[in-house]
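generate coordinates for the sequence data below:
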Amino acid sequence: MSKLKKLAGETVLYGFGSIFPRMISFFLITLHTNTFSTSEYGIFTKLMAFVAFINVVFMFGMETAFFRFSSKPDADKKQIFNLTQTCVFLVSVPISVLFIVFSQPIAASLGVAKHPEFIVWLTLIMLTDAVVAIPFAQLRLQKKAMQFALFKIVNVVVLVGLNYYFLKFNYNPSINVGYVFLANLIANALFILFFLPALLQWRPAYDKTISPTMLQYAYPVMLTGVAGMTNEMFSRLTLEWWLPNDFYKNTTKEEALGIFGACYKFAVLMNLGIQAFRYAAEPFFFSNAADKNSPALFAKVNHYFVVAGCIVLLGISLNLEILQYFIGTDFRAGMQIVPILLMAYLMLGVYYNFSVWFKLTDKTYFGTIITVGGAIITILGNYFLIPSMGYTGSSWAALLCYAFMVVVCYYFGQKYFPIPYQIYKMISYLVITFIIAIVVNSMKIDHFWISLGFHWLVLVAYLGVIYWIERPGWNKVV
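Residues are numbered from 1 along each chain as shown. Down below sits the predicted model:
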């Protein structure tokens with residue numbers, strides 16, 4: 001149980017490095033949605049979806065490969081660092097050059113023909129992210145969570161400061177959302193300075209034995225990432241295609257995309273927690289893989305992850321009447337999608353836990369197959385649901401996708417690397433929590449304070465029940 005406490009402690013530290021900074025940057029949504037129109041924010045949403053896809057290709061699965069090969073017995077960690085960093089450079093630099101050279105036609109294809117500089121700035125942001133990804137992974141492997149957190153926090157403080165400077169004191173309407181990209185680029189440049197010693201020690205490397213094996217391990221991870229981005233970002237790229245022109249009265253497709261993108265930010269609060277957990281859990285899983293008690297340990301990890309995730313889901317869902325004030329008035333029409341997206345992200349977190357089996361058994365191609373299956377469901381779900389339900393349909397498509405991935409991953413995982421998950425208890429928590437969130441939010445109470453009080457009463461009662469159920473096991477952990 002001390003391992004669980006250590007994992008929880010590292011998750012908190014990584015939370016300061018990922019959740020806390022992004023939580024601060026989350027408040028930028030207030031600035032952005034009160035500065036940009038819904039259509040301008042729609043452009044921003046579309047461009048950031050494009051970036052998410054390309055980022056995965058730039059990394060080529062090398063972050064996971066770094067953990068896997070560095071964690072092997074007698075591994076030469078310095079050599080693995082050089083090999084993975086070399087691969088990242090060989091992939092990301094040529095693609096970056098192509099994007100910069102062809103920035104004008106790319107900008108035109110994405111609806112920002114007058115701003116090819118947006119493509120250049122975004123490309124440099126992606127390149128910077130790729131260059132520092134392995135050094136950040138090295139910090140995680142070395143358990144330097146405090147240093148990890150410090151670098152992330154400094155970055156986000158600069159990012160927030162630049163956003164406010166550009167949008168409040170030096171704003172030019174002709175640049176509009178480009179200021180956000182420029183602020184990100186300047187803030188990311190600090191990472192290069194932070195990791196300059198590590199980057200200067202890097203030497204291009206190739207090993208005729210390890211490199212091919214590493215690439216064979218990594219490319220399915222990259223393909224899985226691309227399919228995963230399809231699951232997460234596809235709706236933001238296709239909402240304009242499949243949404244009927246008159247679906248939302250007095251709202252264009254681009255404006256609807258802006259509303260969808262802004263409301264999606266609230267669901268990202270769940271994803272930030274999952275990200276912090278992954279930062280701590282990925283090296284944790286690899287380092288404990290050889291332990292004979294690891295299956296029971298991994299089952300416990302998933303159980304408490306689900307409990308914490310359900311609390312977050314309900315906590316956010318029952319406070320939407322307060323959270324809506326973080327975005328501009330024109331963007332609040334889509335707040336009803338937030339509980340659905342929160343549940344979708346929670347299912348994604350469960351999938352990350354379940355996926356440990358194919359990473360530890362080197363069967364990463366299963367991850368590709370499962371995620372591609374999820375991508376197919378995402379595409380079909382959006383195709384059939386957007387015309388009849390708008391962006392609410394996109395939200396349900398995301399939930400269906402991740403639920404499918406969880407079920408399939410669990411099924412194959414129990415065959416190749418059995419883990420005694422408390423599956424029925426997990427399903428009960430997920431289903432009951434989601435029903436409470438949907439039902440309580442559907443009960444419209446006109447008086448703000450009465451509605452808020454009722455929601456908090458439900459939340460407190462829920463927490464009390466959770467404590468009563470989990471107290472016996474929790475006492476053994478703490």
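
residues near Met62, how many?
29 (other Cβ atoms under 10 Å). C-betas here are computed from N, CA, C, even on glycine.

residue contacts, it?
Thr84, Gln85, Cys87, Val88, Ala133, Ile134, Met214, Ala218 (Cβ atoms under 8 Å, 6 or more residues apart in numbering).

out of those, the closest to Ala52 would be?
Ala133 (14.2 Å; Cβ to Cβ).

burial count for the closest one?
Counted with other Cβ under 10 Å, the neighbours of Ala133 add up to 21.

residue contacts, it?
Met59, Met62, Glu63, Val88.

check which helices and strands the one helix or strand the last one maps to is in contact with.
Following DSSP states H and E, the helix or strand that holds Val88 is helix 77-101. Contacts of helix 77-101 with other secondary structure elements, assessed using 3 or more Cβ pairs under 8 Å, 6 or more residues apart in numbering; DSSP states H and E, are made with helix 38-59, helix 62-70, helix 116-141, helix 210-242.

one more pass at 10 Å, please.
helix 38-59, helix 62-70, helix 103-109, helix 116-141, helix 196-201, helix 210-242 (3 or more Cβ pairs under 10 Å, 6 or more residues apart in numbering; DSSP states H and E).

tell me the most buried of the ones you listed?
Highest mean neighbour count among the helices and strands packed on helix 77-101 (mean count of other Cβ atoms under 10 Å): helix 62-70, with a mean of 24.

okay, angle between it and helix 77-101 too, please.
Going by axes from the mean of the first three to the mean of the last three Cα atoms, to 10 degrees, helix 62-70 is angled at 170 degrees with respect to helix 77-101.

any idea how far the residue most central in space within the chain lies from Leu342?
The centre of the chain sits closest to Asn271, judged by Cα atoms, centre = their mean, with a distance of 4.9 Å. As judged by Cβ to Cβ, to the nearest Å, Asn271 and Leu342 stand 9 Å apart.

go on, Tyr352?
Taking Cβ to Cβ, one finds Tyr352 at 16 Å from Leu342.

next one: Lys143
Counting by Cβ to Cβ, the gap from Lys143 to Leu342 is 31 Å.

more neighbours: which of these two?
Neighbour totals were compared for Lys143 and Leu342, and Leu342 leads with 29 against 15 (other Cβ under 10 Å).

just the angle for the host helix or strand of the more buried one relative to helix 210-242, thanks.
According to DSSP H and E, Leu342 maps onto helix 338-354. When the same axes, to 10 degrees is applied, the directions of helix 338-354 and helix 210-242 differ by 160 degrees.

name the helices or strands packed onto whatever helix or strand comes next after helix 338-354?
The C-terminal neighbour of helix 338-354 among helices and strands, as given by DSSP H and E, is helix 356-360. If you count contacts as 3+ Cβ pairs under 10 Å, 6+ apart, helix 356-360 packs onto helix 62-70, helix 210-242, helix 253-287, helix 294-317, helix 365-389, helix 391-416.

and the fourth one, what's buried?
Using 16 or more other Cβ atoms under 10 Å as the test for burial, helix 294-317 gives 294-295, 297-317.

check the offset of it from the chain's centre.
Mean-position distance between helix 294-317 and its chain equals 17 Å (Cα atoms, centre = their mean, to the nearest Å).

list the buried ones in the helix or strand following it?
Using DSSP H and E, the helix or strand that follows helix 294-317 in sequence is helix 320-323. By neighbour count on 16+ other Cβ under 10 Å, the buried set for helix 320-323 is Leu320, Leu323.

in this structure, where is pLDDT below threshold?
Low-confidence segments of the chain, defined by pLDDT under 70: 1-26, 276, 279-284, 286-291, 473-478.
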